[in-house]
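[1] Sequence first, predicted model second:
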Amino acid sequence: MITVADPGLQAERTAMSWTRTALALLVCAATLLRWAGAYPALIVAASVALAVSGLVIVGLNRRAYRFQAAALAAERSAPNAAAVFLLTAMMLGTGALALYLVVQA
């Protein structure tokens, strides 16, 4: 059986990294508004999607932190692959949008 040396801190570090990710999404959403004049519909939709995603991550982060801390204490924690996959897909989409905007400019 694997014992966790710092069961409270691991969950806290994970929660902090998701909070930083949410903050980065909100910053990207605000930065995208720079191109709203040239591509109004596309940029506003992408900006709203990023902002909503960031706010959802912040909202779900509190519940996930409590769940993960309890799971680590009981030594039965599993990775949250679905959240990582969805965030990766969203970042790939954001990167594709950025590439499109750079090529069009």
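    That came through, no problem. Residues are numbered from 1 along each chain as shown.
[2] what's the distance between A30 and N61?
    20 Å (Cβ to Cβ, to the nearest Å). The way it works is simple: take the backbone N, C-alpha and C, and place the C-beta from them, glycine included.
[3] Of the two, give the one with the bigger neighbour count.
    Applying other Cβ atoms under 10 Å to A30 and N61 shows that N61 carries more neighbours, namely 17 against 12.
[4] Is that one in a helix, a strand, or coil?
    helix (DSSP: H, G, I helix; E, B strand; the rest coil).
[5] Name the nearest residue to it, sequence neighbours excluded.
    Distances taken as Cβ to Cβ, 6 or more residues apart in numbering place W18 nearest to N61, at 4.9 Å, with adjacent residues excluded.
[6] Spit out the contact partners of that neighbour.
    The neighbourhood of W18, defined by Cβ atoms under 8 Å, 6 or more residues apart in numbering, consists of 57, 61, 64.
[7] Check the gap between it and L87 for me.
    In terms of Cβ to Cβ, W18 sits 9 Å off from L87.
[8] who touches both of those two?
    With Cβ under 8 Å, 6+ apart, W18 and L87 have common neighbours I57.
[9] hey, where'd the helices end up in the chain?
    Using DSSP state H, the helices of the chain run over residues 7-32, 40-73, 81-104.
[10] could I get those helices as a markdown table with mean pLDDT?
    Putting those into a markdown table (pLDDT from 0 to 100) gives the following:
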| stretch | mean pLDDT |
| --- | --- |
| helix 7-32 | 83 |
| helix 40-73 | 84 |
| helix 81-104 | 85 |
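[11] And the contacts of W18, which is closest to Y39?
    For those, the residue nearest Y39 by Cβ to Cβ is I57; the value is 25.3 Å.
[12] Could you check how far that closest one is from V44?
    From I57 to V44 the distance is 20 Å (Cβ to Cβ).
[13] who's more crowded, the two?
    Looking at I57 and V44 with other Cβ under 10 Å, you find the greater number of neighbours at I57, namely 20 against 13.
[14] quick one: contacts for the more buried one?
    By Cβ under 8 Å, 6+ apart, I57 lies in contact with 18-19, 21-22, 25, 87.
[15] ditto for I43
    Residues near I43 by Cβ under 8 Å, 6+ apart: 32-33, 35-36.
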